[in-house]
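Participant: sequence first, predicted coordinates after that:
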Amino acid sequence: MTTGSAAADHRLTLADGRTLAYTDTGDPQGYPLVFAHGMPGSRLEGRLFDEQARRYGFRILAPDRPGIGGSTYQPGRRLLDYPDDVRQLLDALGLNRFTHLGWSSGGSRTVACAYALADRMDRGLCLSGYTHFAEFPGRQTLIEGTRWPGPRLASLSPTLVRWAVRLIVRLSRWYPGIYLREAQQLVSDDDRRILALPGVEAAFREDQRLCLASGGNAIATDLLTELGHWGFSLDRVPAPIEVYQGEDDPFVSPDYARHLAGALPQARLTLLPGIGHLYPLDPAFQARLFASLNQALQRERAPVVQNF
């Protein structure tokens, strides 16, 4: 698997003076896909799509969110600040139309772009993302399967969320590899198969280390933007979104995907039997996803033939 190189890294100065770090991989002349990483995660995840993106004609733009990796921290960050960063990135690169792809914690960013950038966004791809917990009628947890704070803890005390995340990050620094080893014990059998693919585990570990090195404050702020109110309701999202969810995901409940797809005006849910959380890193899944996206984009751009 091709994982890219540091040559793919770029920096953009945003209107408020912050730095936005991002990778630019895949086909340089391809149709743009903006990719939102998971948490913990970073822009490096975009490199894991490079080979299949080149094969299917997609350009992958993967920004670090504020405080993560090379991007400047933003106090008081809200979920709807993310689409504005994406808009500035697209404008700087001279790109008008795009599709947004979000994995795990990046899924809420897909929905935010589908709401705030619907005039430019052709469609969204949400891979094992959270739903909007302010509208979720099911049981809300204190701690998610990822061992990170859940929506109930965020609603009770954002301060406790910050302390909990800082503790996790400090432990990962005091005992290098402890977080990754524990995460590997939680993953599904299919996730272990994916991690065993050439180059995947090493690239995934590098991605996780970069995020954890960013510090607990940045990670906690990023989590709080999606665990609290998103600043809009799901029934006001106009752009179409494809929702994918592994049925054996130990980290994100399939109930979240069912709720999200059911609440969005234009959504299609695809449940993946026997699949866990790491399937976006599988080249075979990427190939199916990109082939399906190409077909959808071609249908939408086909000229309408009128009979007179």
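Facilitator: Thanks, I have the structure now.

Participant: model confidence over the strand or helix carrying residue 299, on average?
Facilitator: In the assignment (DSSP states H and E), residue 299 maps to helix 283-301. Taken as a whole, helix 283-301 has a mean pLDDT of 93.

Participant: residue 114 versus residue 239, what's the distance?
Facilitator: Using CB to CB, to the nearest Å, residue 239 is found at 4 Å from residue 114. C-beta coordinates here come from the backbone N, C-alpha and C atoms, glycine included.

Participant: ok, now residue 125?
Facilitator: As defined by CB to CB, residue 125 lies at a distance of 10 Å from residue 114.

Participant: shared neighbours of the two, anything?
Facilitator: By CB atoms under 8 Å, 6 or more residues apart in numbering, residue 125 and residue 114 have these common neighbours: 100, 241.

Participant: still on that earlier bit, and the helix holding residue 299, how far from the chain's centre?
Facilitator: Relative to its chain's centre, helix 283-301 lies at 18 Å (CA atoms, centre = their mean, to the nearest Å).

Participant: mind listing the helices for the stretch 151-300 of the chain?
Facilitator: For the stretch 151-300 of the chain, helices defined by DSSP state H, counting those that start in this stretch occupy the ranges 151-156, 158-174, 178-186, 189-195, 200-212, 216-227, 254-263, 283-301.

Participant: could I get the ones you listed as a markdown table with mean neighbour count and distance to residue 13?
Facilitator: Output for the helices of the stretch 151-300 of the chain, formatted as a markdown table (neighbours: other CB atoms under 10 Å; distance: least, CB to CB, whole Å):
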| stretch | mean neighbour count | distance to residue 13 |
| --- | --- | --- |
| helix 151-156 | 18 | 31 |
| helix 158-174 | 16 | 27 |
| helix 178-186 | 14 | 32 |
| helix 189-195 | 17 | 36 |
| helix 200-212 | 19 | 21 |
| helix 216-227 | 23 | 19 |
| helix 254-263 | 19 | 34 |
| helix 283-301 | 15 | 31 |
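
Participant: Serialize the ones you listed to a markdown table and add fields for distance to residue 26.
Facilitator: Listed next are these as a markdown table, based on distance: least, CB to CB, whole Å:
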| stretch | distance to residue 26 |
| --- | --- |
| helix 151-156 | 34 |
| helix 158-174 | 30 |
| helix 178-186 | 27 |
| helix 189-195 | 20 |
| helix 200-212 | 15 |
| helix 216-227 | 24 |
| helix 254-263 | 26 |
| helix 283-301 | 10 |
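
Participant: of these, which shows the lowest average pLDDT?
Facilitator: Mean pLDDT values for the helices of the stretch 151-300 of the chain show the minimum at helix 178-186, a mean of 61.

Participant: roughly how far apart are the closest residue to residue 195 other than its chain neighbours and residue 238?
Facilitator: Nearest residue to residue 195, sequence neighbours excluded (CB to CB, 6 or more residues apart in numbering): residue 201, at 4.5 Å. Remark: distance between residue 201 and residue 238 (CB to CB) = 39 Å.

Participant: now do residue 41
Facilitator: 27 Å.

Participant: ok, residue 99 next?
Facilitator: Taking CB to CB, one finds residue 99 at 15 Å from residue 238.

Participant: so which of the two has more stuff around it?
Facilitator: In this view residue 99 and residue 238 are compared by other CB atoms under 10 Å, and residue 99 has more residues nearby, 22 against 12.

Participant: contacts for the helix or strand hosting that one next, please.
Facilitator: Using DSSP H and E, the element containing residue 99 is strand 98-103. Strand 98-103 has contacts (CB under 8 Å, 6+ apart) with 31-38, 41, 45, 86, 90, 108-111, 113-114, 117, 120-129, 280, 293, 297.

Participant: check which element follows it along the chain.
Facilitator: Downstream of strand 98-103, the next assigned helix or strand under DSSP H and E is helix 107-116.

Participant: C-alpha coordinates for the helix or strand just after that next one, CSV please?
Facilitator: Downstream of helix 107-116, the next assigned helix or strand under DSSP H and E is strand 121-127. These are the backbone C-alpha positions of strand 121-127, laid out as CSV (Å, rounded to 0.1, in the frame of the first residue of the first chain):
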residue,chain,number,x,y,z
MET,A,121,-20.7,19.9,-2.1
ASP,A,122,-21.9,17.2,-4.5
ARG,A,123,-22.4,14.6,-1.8
GLY,A,124,-21.1,13.3,1.6
LEU,A,125,-19.6,10.0,2.6
CYS,A,126,-19.8,9.2,6.3
LEU,A,127,-17.9,6.2,7.4
